[in-house]
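[1] Have a look at this fold, sequence not included:
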DNA sequence: TATGAATGAGTTTTCATTCAT
DNA sequence: AATGAATGAAAACTCATTCAT
């Protein structure tokens, strides 16, 4: 990469390099946002330079969240696109892929758990633009799912979003039970099992319920 | 209350007064934890005194979370205890009550969203003791629900915990879309509707799915 | 010891128990003054009770310093009292005993190094009373030394005080070179050797100089 | 000085400005370390800026101690360099100059008395580097003294260090007797006289003893 | 555009001491 | 006399962000 990013493509590359470094540091870290100086050091830029690309530290991570979700949605889109067999099998394939993604990408839910506090320090205009990209992709994937699953227009989008909410809640309840050292308090064992099987079971139940709803046939 | 709380009951009352003040301030606040000095002022005690009752600021709010959840579980227990009619009606009554509680007690989910970061500054031993109280109450209410809904032992506990996880995820996804001023970004409208109806619908679907699961009959 | 120390002798015993506990804790500690609550716990009294016997924490340790010095002076008095042989042998015996005391009682110089800051928080009247006891004992021992060494009245007191000052300075310069882990920085090796031999040599030189001074014969 | 110290020489100047302000404030103060905010105000910098130049408050004062000692050693070096006359006169000239320095620079021994507690909060690596500079200068001056006084190599370094230790101990014993208001407790008068004459006499005695030691001739 | 020096707000927690019991 | 609950002052340090270079 050139020393000075004058061309637009250089700027975009540099911006992405910052995001990648931030992602990497967060993934390796202990759950807090990495310090700006650490991100800068990891990309090999000066601290001040980061502020030419992002207005606040939180903006970096909000952008990262959107990228991660779009990454996930892209994969989901591919799954629905290539879906075959009866509807239950298609749903199952989607759920399998979802869980696979979470296992490969543990940072997505960890970061999501911070989303609320991040937003306080991000310009609403920037948030809106991020929301837009996210919504566009979600609706597109929803449409693919509608086709793949034979659901009325917009229905899949809603179900997917709710599934993701469920996932998020379950992750927090199971993962946050773990102490600093990663060991769960045994007293909570009767209430929570491990994340992946719980998620699978819960979403199976949820989708079964949704698809058997009176108004859906 | 006496000037110095020497008797055990006075100490307990004082401790609870601190928790009540903390709850009140958090409820009125903007989402961050109130400052210790503000809590102290609200109870009419010196800052240092609070540290005789709680080891860290976070410990206050972790205790508060447990109290709020136990409060909710108590209400749920009453609902299941007084349940009448066919199973779907009983489930519906439970869900209605749950939503009512959340509307009367908006702080519970707001505080829950902070739970993870709070735990970093709370002694694991204290956490364990809190987990214990929570688990005991949850299992007891689960048992009441098992009876009320005719489910095998322990099944309700699991479903209830998952329902609460779903609730938590949905709340974050809908509520966190709102900007500082409380206005939702219209671009997200196709993805998320308002919390209460969404929750009602989602949990209806989930419970229907659960209760129609092959192995449940 | 009785629960309440009403009799004067009980009070004195309790006061001494506090001093002993403080001494023990300081000796085992890392160089800071032990916390009042720790001292209280070590004696088995409540924190507030200590303030019936000492007005401030520092007062405890100022008293301790005086006790330690008087303890040392007592031993020195015995040495001079039992002195035999020619003057150089008597001086040497005194220096040997001095070094022995410091090795048995490392807390005395450690505490002495804090003396200055302690005094800021001790009532001048109390200090004066402590000074008095110290001075009386020092002068008495000085008189014994004058007799033992055949020096004019008051001369030994002066030499002894200066010897102790020398000792204090040497101890600080050698001991303080040590890092947290007790290892000396090798770069300082040409400047300082270990305390005891250095002290012995230095005091030998000093006393030789003093006793060969023109006006002393 | 420029607003931002980018050039190395500007940085060095700024660092020194901080040290000078710290020295001034300590000299005027009552014996405690000045607050960082006061030092910052005195230099006209923000508090945080000081932490770009020193890692802890204590580091500032440890550096100051080294500077003061090197300042003294420099003067001593000049004295030995320009020494004339017989050895006793040369020793006397050195002692005179030493006492003069202490009178012009009372902060050096006041600060030295705090040295031990300062070191607890200073990086050992930094301490080592400071020790190095001090040792180098001390050995160089020692060599000058060896030549000026006709002593075997390294002997003067040792004697000088011990003299300074003596000085330090005497200063603490005489100065610390003074109360807050600067008045000495009369009860101690038989034990301690005022610092400068005592020091002169003591060092005279010590050097006489050293130079008359059997192995020195 | 890049740098990195400068800024300064922000806040928990400790603990010696006091005082109600 | 003893207790231990209550007090509240006190301040170093971080680090996101700005801005001079």
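    Yep, that arrived. The structure displayed is predicted, hence computed values, not measured ones.
[2] Got the confidence number for whichever residue of chain A sits closest to DNA strand E?
    Across chain A, no residue is closer to DNA strand E than residue A:48, which sits at 1.7 Å (Cβ to the nearest atom of the strand). The C-beta positions use only the backbone N, C-alpha and C, and glycine is treated the same way. pLDDT, residue A:48: 94.
[3] Run through who's touching the host helix or strand of it.
    Residue A:48 is part of helix A:47-53, with elements assigned from DSSP states H and E. The contact list for helix A:47-53, computed with Cβ atoms under 8 Å, 6 or more residues apart in numbering or on different chains, reads A:11, A:14, A:15, A:18, A:36, A:37, A:39, A:40, A:43, A:60.
[4] Is it in proximity to DNA strand F?
    Yes. For helix A:47-53, a contact with DNA strand F is found by Cβ under 7 Å from any atom of the strand, at A:47, A:48, A:51.
[5] Mind listing what's buried along the least confident helix or strand in chain A by mean pLDDT?
    Of all helical and strand segments in chain A, the minimum by mean pLDDT, DSSP states H and E falls on helix A:115-119, at a mean of 85. Residues of helix A:115-119 classed as buried by neighbour count (16 or more other Cβ atoms under 10 Å in any protein chain shown): A:115, A:116, A:117, A:118, A:119.
[6] Surely the fourth one and residue A:60 touch.
    No. Contact between residue A:118 and residue A:60 fails when scored by Cβ atoms under 8 Å: they sit 9.4 Å apart.
[7] Neighbours of residue A:198, how many?
    Around residue A:198 there are 19 other residues, counting by other Cβ atoms under 10 Å in any protein chain shown.
[8] With residue A:112 instead?
    Using other Cβ under 10 Å: residue A:112 sits among 22 other residues.
[9] Looking at it now. What's its pLDDT?
    You'll see residue A:112 listed with a pLDDT of 90.
[10] Verify the contact between it and residue A:165 for me.
    No. Look at residue A:112 against residue A:165 with Cβ under 8 Å: they stay out of range, at 10.3 Å.
[11] Residue numbers of chain A in contact with DNA strand E?
    Counting by Cβ under 7 Å from any atom of the strand, chain A sits next to DNA strand E at A:3, A:4, A:5, A:6, A:14, A:45, A:46, A:47, A:48, A:49, A:51, A:52.
[12] Buried ones among the residues you listed?
    Buried members of the residues of chain A next to DNA strand E, counted by 16+ other Cβ under 10 Å: A:5, A:14, A:45.
[13] Identify, from these, the entry nearest to residue C:210.
    residue A:45 (68.6 Å; Cβ to Cβ).
[14] Next, the contact list for the closest one, please.
    A:14, A:18.
[15] is it fair to say it lies in a strand?
    No. Residue A:45 sits outside any strand when classified using DSSP: H, G, I helix; E, B strand; the rest coil, being coil.
[16] Show the model's pLDDT score for it.
    96.
[17] And it, how far from chain C?
    According to Cβ to the nearest Cβ, to the nearest Å, residue A:45 stands 37 Å off from chain C.
[18] For that residue, give me phi and psi.
    In terms of degrees, to the nearest 10, the main-chain angles of residue A:45 are phi -120, psi 170.
[19] So which residue is dead centre in chain A?
    Compute the mean C-alpha point of chain A, and by Cα atoms, centre = their mean the closest residue is residue A:69, 3.7 Å away.
[20] Am I right that that residue sits in a strand?
    No. Assigned with three-state DSSP, residue A:69 falls outside any strand and is helix.
[21] Next, the contact list for the residue lying closest to it once chain neighbours are set aside, please.
    Among residues not flanking residue A:69 along the chain, residue A:134 sits closest, at 5.8 Å (Cβ to Cβ, 6 or more residues apart in numbering or on different chains). Residue A:134 makes contact with A:66, A:69, A:70, according to Cβ under 8 Å, 6+ apart.
[22] Go again with 10 Å.
    Residue A:134 sits next to A:65, A:66, A:67, A:69, A:70, A:73, B:187, B:188, B:191 when contact means Cβ atoms under 10 Å, 6 or more residues apart in numbering or on different chains.
[23] Can you pick out the most distant pair from the residues of chain A next to DNA strand E?
    A:6 and A:47 (20.8 Å).
[24] one step back: can you list residues touching both of residue A:118 and residue A:60?
    Overlap of the contact sets of residue A:118 and residue A:60 (by Cβ under 10 Å, 6+ apart) consists of residue A:33.
[25] Can you tell me how far the residue nearest to the centre of chain A is from residue A:111?
    10 Å (Cβ to Cβ, to the nearest Å).
[26] repeat for residue A:96
    On the measure of Cβ to Cβ, residue A:96 and residue A:111 end up 23 Å apart.
[27] of the residues of chain A next to DNA strand E, closest to chain B?
    Comparing the residues of chain A next to DNA strand E against chain B with Cβ to the nearest Cβ places residue A:51 closest, at 22.0 Å.
[28] And the pLDDT for that closest one?
    With respect to pLDDT, residue A:51 scores 96.
[29] What of residue A:10?
    92.
[30] Doesn't it belong to a helix?
    Yes. Counting by three-state DSSP, residue A:10 is part of a helix.
[31] show me the contacts for the nearest residue to it once chain neighbours are set aside.
    Distances taken as Cβ to Cβ, 6+ apart place residue A:2 nearest to residue A:10, at 5.7 Å, with adjacent residues excluded. When contacts are counted by Cβ under 10 Å, 6+ apart, residue A:2 touches A:10, A:13, A:14.
[32] Distance to residue C:140 added to these, as JSON lines?
    What follows is these, written out as JSON lines (distance: Cβ to Cβ, whole Å):
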{"residue": "A:10", "distance to residue C:140": "87"}
{"residue": "A:13", "distance to residue C:140": "86"}
{"residue": "A:14", "distance to residue C:140": "82"}
